[in-house]
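Student: test case, fold it:
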Amino acid sequence: MDGPIIARMINVAFDAKRFFKNSTGLGNYSRTLIINLNKYQPGLFKLFLFSSISNENSPLLPEKHPFNIINPPWYRNFFWRIFGVPRDCKKNLIHIYHGLSNELPVEFGKNLKIKWVVTIHDIAFLYYKMDYSLFDRFIHLQKIKYSCQKADVVIAVSEYTKTDICKTFNLPPEKVEVVYQTVNDNFKKTYTNVEFQHVVNLYHLPNHYFLSVGSITARKNLLSALKAWKGLPTEYQRPFLIIGKPNRKYFKIIKEELDLFKEIYSNKIMFRNVANEHLPIVYQNAEIFIYPSYFEGFGIPVLEALYSGIPVITSKTTSLPEVGGPGAYLVDPANYEEIRAGILFFMQHKEQREHAVNKGLEHVKKFDAQVVNDKLVNIYQSLLP
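Tutor: Have a look, this model is predicted:
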């Protein structure tokens, strides 16, 4: 795709709830997208962050940022994000409003002067009900259904997600554009030995380990990864570092599984909370990344691992082959023996490890921040006369 055509200043507003409230996941997606728009196309956009709380002093904002932060008055704060945003879009002469996390505000009578864009990340709640309450599933469904109907353009984060939402919500394919995610710039840095050692000491990490990053929920399928680790020959049972917020119900299942072989794993299964700024070093220091998720709309940890130059074992389902690319070792997530075979494949064949890493570093070029940003800019500009 050709680069964006620079024209008049465009006022673009974003739902910034996740930007300010989420330190991972949708928060990282929001911050990376907005910061890159300003970084790669300065002067093309005037960027507005719509947030229901005052955030001028948030540590998540870049220093000397150019963003215009819009907050509601205290007396209409509660329903503002759902019902009040359209009025403030009109007041601030917004050309495009982008809902970054599966939803758009409710509007009684569409304002034709404002173009509406929504990013849909996945509809996992329809497939993995164990991870969501009945109320949450109902709310997610209604929000996404309404937003897909209202939007002038729906952005899907992968070709898989595009196919999934077109089928589920009966959307014409031409209404949905695929714009991949990219990683934070920190994953592209080279770190010094001193920086590596600081992180290793801070989190009490071993010199060699396998790595899993992501919420500890049923669909992320940590259980199969642990069973695969348990079945490894002793000489290949590297410590297994697990980073992610646990779902209470699923984590109980994990603990029950660990209790079955606690005499084996001792201190080798490690759960850690790691700050975002330290994650790239934790990735780069790992031997293998293991991510046998049942369902992903994208799968950003897989991309982070590829950028970090480590071999990836992930699922042959949903978006993961698309993101993992030709160097990833693909498995049936329900078959822990396949995961075990993948670990042994990389541990026993150094040349295959190097091949996988090189393939991964070539593959990530399609997720380059400039490439992703240019496509988004072209979509925005196509909406305006």
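Student: in the stretch 151-300 of the chain, which spans are helices?
Tutor: In the stretch 151-300 of the chain, the segments counted as helices under DSSP state H, counting those that start in this stretch are 159-169, 193-202, 222-230, 248-260, 262-265, 279-284, 300-307.
Student: S30: which of those helices is closest?
Tutor: helix 300-307 (12.4 Å; CB to CB). Every residue, glycine included, has its C-beta placed from N, CA and C.
Student: which residues are contacting that closest one?
Tutor: Contacts of helix 300-307 from elsewhere in the structure, counted by CB atoms under 8 Å, 6 or more residues apart in numbering, are 25, 28-29, 181-183, 187-188, 211, 213-214, 279-280, 283, 286, 289, 291, 296, 312, 314, 320, 323-325, 327-328, 360-361, 363-364, 367.
Student: run the last query once more with 7 Å
Tutor: Applying CB atoms under 7 Å, 6 or more residues apart in numbering, the contact partners of helix 300-307 are 181, 183, 187-188, 213-214, 283, 289, 291, 312, 314, 320, 323-324, 360, 363-364, 367.
Student: may I see the ChimeraX selection of the buried members of those?
Tutor: The ChimeraX selection below is limited to those of the contacts of helix 300-307 classed as buried (16 or more other CB atoms under 10 Å):
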select :181,183,187,213,214,283,289,291,312,314,320,323,324,360,363,364,367
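Student: contact partners for the most far-flung residue of the chain relative to its centre?
Tutor: Relative to the centre of the chain, and counting by CA atoms, centre = their mean, the farthest-placed residue is E263 at 35.4 Å. Not one residue lies near E263 by CB under 7 Å, 6+ apart.
Student: please report how far it lies from E235.
Tutor: 18 Å (CB to CB, to the nearest Å).
Student: kindly report the same for N378.
Tutor: Separation of N378 from E235 (CB to CB): 52 Å.
Student: what's the domain layout of this protein?
Tutor: 10-182+368-382, 185-366 (automatic domain parsing).
Student: let's have those in TSV, adding mean pLDDT.
Tutor: Converted to TSV, the domains of the chain look like this (pLDDT from 0 to 100):
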stretch	mean pLDDT
domain 10-182+368-382	92
domain 185-366	95
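Student: tell me where this protein has strands.
Tutor: Counting by DSSP state E, the chain has strands at residues 10-15, 45-50, 68-70, 96-99, 115-120, 153-156, 176-178, 210-213, 240-243, 269-272, 288-291, 312-315, 329-331.
Student: for the fifth one, what is the distance to the chain centroid?
Tutor: By that I understand strand 115-120. Taking CA atoms, centre = their mean, to the nearest Å, one finds strand 115-120 lying 17 Å from the centre of the chain it belongs to.
Student: neighbour count for N378 and E235, which is higher?
Tutor: Neighbour comparison, N378 and E235: the larger count goes to N378, with 16 against 7 (by other CB atoms under 10 Å).
Student: count the neighbours of F138 for me.
Tutor: F138 sits with 12 neighbouring residues when counted by other CB under 10 Å.
Student: for Y191, same thing?
Tutor: Residues near Y191, counting by other CB under 10 Å, number 14.
Student: need the phi and psi values for it.
Tutor: Dihedral angles of Y191 (phi, psi; degrees, to the nearest 10) stand at phi -110, psi 150.
Student: was I right about it contacting I281?
Tutor: Yes. When contacts are counted by CB atoms under 7 Å, Y191 is listed as touching I281 (5.5 Å).
Student: give me the spatial nearest neighbour of G231, chain neighbours excluded.
Tutor: Distances taken as CB to CB, 6 or more residues apart in numbering place R340 nearest to G231, at 4.9 Å, with adjacent residues excluded.
Student: okay, the one you found and P105: tell me how far apart.
Tutor: The spacing between R340 and P105, counted by CB to CB, is 48 Å.
Student: again, but for Y40
Tutor: Relative to P105, Y40 is positioned 27 Å away (CB to CB).
Student: next one: K252
Tutor: According to CB to CB, K252 stands 38 Å off from P105.
Student: who has more neighbours out of those two?
Tutor: Per other CB under 10 Å, whichever of K252 and P105 has more neighbours is P105, with 23 against 11.
Student: distance from stretch 305-314 to the middle of the chain?
Tutor: Worked out by CA atoms, centre = their mean, stretch 305-314 lies 15 Å from the chain centre.
Student: can you dump the C-alpha atoms of it in PDB for me?
Tutor: The C-alpha trace of stretch 305-314 is given here as PDB (Å, rounded to 0.1, in the frame of the first residue of the first chain):
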ATOM      1  CA  ALA A 305       8.400 -13.000  21.200                       C
ATOM      2  CA  LEU A 306       9.200 -12.900  17.500                       C
ATOM      3  CA  TYR A 307      10.600  -9.300  17.900                       C
ATOM      4  CA  SER A 308      12.600 -10.600  20.800                       C
ATOM      5  CA  GLY A 309      14.400 -13.200  18.700                       C
ATOM      6  CA  ILE A 310      13.200 -16.300  20.500                       C
ATOM      7  CA  PRO A 311      11.600 -19.400  19.000                       C
ATOM      8  CA  VAL A 312       7.800 -19.600  19.400                       C
ATOM      9  CA  ILE A 313       5.500 -22.600  20.000                       C
ATOM     10  CA  THR A 314       1.900 -21.600  19.500                       C
END
